[in-house]
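Peer 1: Here you go, sequence then predicted model.
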Amino acid sequence: MRYLSTRGHADRKRFCEILLEGLAPDGGLYLPESYPQVDGAQLEQWRQLLREQGYAALAFEVLSLYIDDIPADDLRALCAKTYTEQVFGSKEIVPVRPLEDGLLIEALSNGPTLAFKDMAMQLLGNLFEYELGRRGEQLNILGATSGDTGSAAEYAMRGKQGVRVFMTSPNGRMSPFQQAQMFSLLDANIHNLAIEGVFDDCQDIVKAVSNDLEFKRRYKIGTVNSINWARLLAQVVYYFAGYLYATESNAQKVSFAVPSGNFGNVCAGHVARMMGLPIEQLVVATNENDVLDEFFRTGIYRVRGSADTYETSSPSMDISKASNFERFVFDLLGRDGARVKALFGDALNSEGRFDLSADPHFAQAAARYGFVSGKSTHANRLDTIRDTYQRFGQMIDTHTADGVKVAREHLQPGVPMIVLETALPIKFAATIVEALGQEPTRPAKFEGIEALPKRVQVMPADVAQVKAYIEAHCAD
Ligand SMILES: *Cc1c(COP(=O)(O)O)cnc(C)c1O
C-alpha cells in the first residue's frame with residue numbers, strides 16, 4: 001500500500017513514513033492510493049472474529065490492509081496491547097446500546113480521557129514508540145487542541161521513550177475538567193502551551209511550524225492532529241465494529257450520525273463506506289459552528305474568521321474550518337489533485353471560500369457518498385440531554401446530544417441509526433447541570449483532579465515564541 005497527497009504531489013510513501021509526518025510536502029493530506037475492498041464473505045468472517053477474538057483482532061485485520069511495513073506479528077501485538085478491557089472499560093471496547101426505536105448509541109468514550117480520541121491516540125502512542133525504537137529516533141509532537149485531542153495525546157504519550165509532546169490549546173477556553181486532565185500531567189516529556197486565542201490560532205501555529213521544513217527537520221517535529229492518517233485509520237475500525245455489533249447479517253444497512261468538527265471522525269466513516277461497509281447515510285452533525293452543515297446543504301465551503309467562531313457548549317466542535325475535509329473533497333472530485341490544490345491551497349487562502357454548488361460532483365456528496373447533515377444549538381442541546389435523560393434514563397454529553405438531535409432528523413424506516421458517543425458527560429459538567437439540575441457522575445479515577453498541581457505555559461498566538469519554546473525544551 002502506498003500513500004499519496006490530496007494536492008497531487010508525485011511522491012508515493014509507505015505507512016511508517018507518513019506515520020511520523022503531518023502534512024504532505026505540498027500541504028496536502030495523505031490518503032491511500034486506493035481503498036481495499038471488503039466483500040460479504042470477508043465481513044462475515046470478521047463478524048465471527050469479533051465475536052470470538054474481540055476488538056483487537058478486528059483492528060489487526062483492518063489495519064493490516066493498509067500497513068505492509070510492520071511485520072504482522074508485531075502489528076497484532078500492538079493492537080492487542082492497545083485495545084484492552086483494562087484501558088477501555090469493557091470487553092466490547094466500543095459497546096453499542098439502544099436508545100430509542102431505530103436509534104442506537106456506540107460508546108467511543110470509555111478510554112483514559114473519556115473522549116473518542118483515545119480510540120486512535122492510544123494506538124498512535126504504541127505505534128510511535130514501536131517505530132521510533134526501530135529507527136533509534138526521537139520525535140517532538142506539536143499539536144493543537146480544543147480539549148479532547150490534547151489530553152488524549154498526552155495520556156497516550158506520557159512517559160513514552162523518545163517522544164516529547166508540545167500541546168497548544170486556547171487559553172481559558174477548555175472546561176475546568178479538561179484543563180485539569182491536561183495540566184495535571186507532570187511527566188517531563190509533556191509540555192502544555194496555553195495560547196491567547198481560539199483553537200484555530202493554535203492550529204495555524206502548528207501548520208506554520210510544520211510548513212517550515214528546515215525547523216521541522218532540525219527539531220524532528222511531528223503531529224498527532226486529526227490529519228494524521230494513522231489516527232483516521234484507527235477510527236475506521238470502530239465503524240466496522242459498530243456495524244457488526246448492531247446487525248445480525250450483512251444484508252442489513254445502518255447509518256451513522258457523527259458529532260463533527262474537524263471532519264476526522266466522519267471521514268473514517270467515509271473510508272469504511274468506501275471499503276464496502278454497508279452504510280446508508282453518514283450524518284454530519286455540527287453545533288453552531290456549522291461550516292460543514294453549510295457545505296452539505298449548499299455546496300459552499302466558507303471558513304470562518306476567529307470573530308465568527310463561536311464558543312459553544314460542545315466546545316470540541318468549535319472550529320472555523322474542518323481540517324480533514326480536504327480528504328473527502330479529493331474523493332468527491334474524482335481524486336483530482338490539481339483541482340484540490342486550487343481549492344484548498346489557493347481559493348481558501350485568497351477568498352476564504354469555494355463554491356461547488358454548480359459542480360455536478362456536488363450532488364454526489366449525498367447521492368453517491370451518503371452524506372447528509374444538520375446542526376444543533378445550545379437550546380437544542382439542553383432539550384436533547386433533558387429528553388434523553390427523562391425518557392430513557394441515559395445521560396449523554398453535549399457533543400453526543402448534537403449527534404442525537406441531528407440523527408433524529410434523518411431516521412429512515414428499517415435502517416438503524418448509530419449515533420457515535422464521543423465523550424462522557426463529566427467532561428462538560430456545567431451544561432449537564434444547566435440541563436438536568438444535577439452533576440454528572442464522575443468515574444472514581446477522576447475524583448478531585450481540579451485540585452491537583454498544574455503545569456502550563458501561557459503565551460501569545462505567535463509562531464516565533466512557540467518555536468523558541470520548543471528549541472529551549474528539546475534537550476530536556
Ligand atoms: C474531537 C471531538 C469531536 C469532533 O470530532 P472531529 O473528528 O474533529 O470531527 C466531537 N466530539 C468530541 C467529544 C470530540 O472530542
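Peer 2: Alright, I've got the coordinates.

Peer 1: Give me the helices and strands touching the helix or strand residue 301 falls within, please.
Peer 2: In this structure, residue 301 sits in strand 300-302 according to DSSP states H and E. With contacts taken as 3 or more CB pairs under 8 Å, 6 or more residues apart in numbering; DSSP states H and E, strand 300-302 sits against helix 291-298, strand 353-355. Where you see a C-beta, it was placed from the backbone N, CA and C, and this is true even at glycine.

Peer 1: quick one: buried residues of that strand?
Peer 2: By neighbour count with 16 or more other CB atoms under 10 Å, strand 300-302 contains the buried residues 301, 302.

Peer 1: ok, residues contacting that strand?
Peer 2: 291, 294-295, 325, 329, 343, 348, 352-357 (CB atoms under 8 Å, 6 or more residues apart in numbering).

Peer 1: Name only those of these that count as buried.
Peer 2: If we count by 16+ other CB under 10 Å, the contacts of strand 300-302 have these buried: 291, 294, 295, 325, 329, 343, 348, 354, 355, 356.

Peer 1: Pairing partners for the helix or strand of the chain with the lowest mean pLDDT, with directions?
Peer 2: For the chain, counting by mean pLDDT, DSSP states H and E, strand 221-222 ranks last in confidence among helices and strands (a mean of 87). Taking DSSP bridges as the criterion, strand 221-222 forms sheet pairs with strand 139-144 (parallel).

Peer 1: Contacts for the partner strand, please.
Peer 2: For strand 139-144, using CB under 8 Å, 6+ apart, the contacting residues are 20, 128, 132, 149-150, 153, 157, 162-169, 199, 202-203, 205-206, 209-210, 219-225, 466, 470, 474.

Peer 1: Keep only those of the residues you listed that are in strands.
Peer 2: Counted as lying in strands by DSSP state E, out of these, are 163, 164, 165, 166, 167, 168, 169, 221, 222.

Peer 1: ok, and which of those residues reach the ligand?
Peer 2: Applying CB under 6 Å from any ligand atom, the subset of the ones in strands among the contacts of strand 139-144 adjacent to the ligand is empty.

Peer 1: Distance to residue 72 and neighbour count for those residues - can I get that in CSV?
Peer 2: Below are those laid out as CSV (distance: CB to CB, whole Å; neighbours: other CB atoms under 10 Å):
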residue, distance to residue 72, neighbour count
163, 25, 22
164, 30, 22
165, 29, 23
166, 34, 23
167, 33, 26
168, 37, 29
169, 38, 26
221, 30, 24
222, 25, 22
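
Peer 1: for these, which one is nearest the ligand?
Peer 2: The ligand lies nearest to residue 169 out of the ones in strands among the contacts of strand 139-144, by CB to the nearest ligand atom, at 12.6 Å.

Peer 1: Contacts only, for the nearest residue to that closest one once chain neighbours are set aside.
Peer 2: Excluding its sequence neighbours, the residue lying closest to residue 169 (CB to CB, 6 or more residues apart in numbering) is residue 145, at 4.9 Å. Residues near residue 145 by CB under 8 Å, 6+ apart: 151, 153, 167, 168, 169, 182, 199, 202.

Peer 1: Now for residue 266, how many residues are close by?
Peer 2: 29 (other CB atoms under 10 Å).

Peer 1: Which among the helices and strands packed on strand 300-302 is found nearest to residue 410?
Peer 2: With CB to CB, the closest approach to residue 410 among the helices and strands packed on strand 300-302 belongs to helix 291-298: 11.3 Å.

Peer 1: Return the distance of that closest one from the chain's centre.
Peer 2: Relative to its parent chain, helix 291-298 has a centroid offset of 19 Å by CA atoms, centre = their mean, to the nearest Å.

Peer 1: Residue 325 contacts residue 263, doesn't it?
Peer 2: Yes - contact criterion CB atoms under 8 Å: residue 325 and residue 263 qualify, at 4.5 Å.

Peer 1: shared neighbours, those two?
Peer 2: Common neighbours of residue 325 and residue 263 (criterion: CB under 8 Å, 6+ apart): residue 292.

Peer 1: how distant is stretch 184-202 from the center of its chain?
Peer 2: 18 Å.

Peer 1: Would that stretch count as contacting the ligand?
Peer 2: No - using CB under 6 Å from any ligand atom, stretch 184-202 stays clear of the ligand, coming no nearer than 10.4 Å.

Peer 1: which parts of that stretch are buried?
Peer 2: Buried residues in stretch 184-202, counted by 16+ other CB under 10 Å: 184-185, 189-195, 197-202.

Peer 1: with these in mind, which one is nearest to residue 435?
Peer 2: Nearest to residue 435, judged by CB to CB, of the buried residues of stretch 184-202 is residue 199 at 23.9 Å.

Peer 1: right, and the helices and strands packed on strand 300-302 - which one's nearest the ligand?
Peer 2: Closest approach to the ligand among those is made by helix 291-298 (8.3 Å; CB to the nearest ligand atom).
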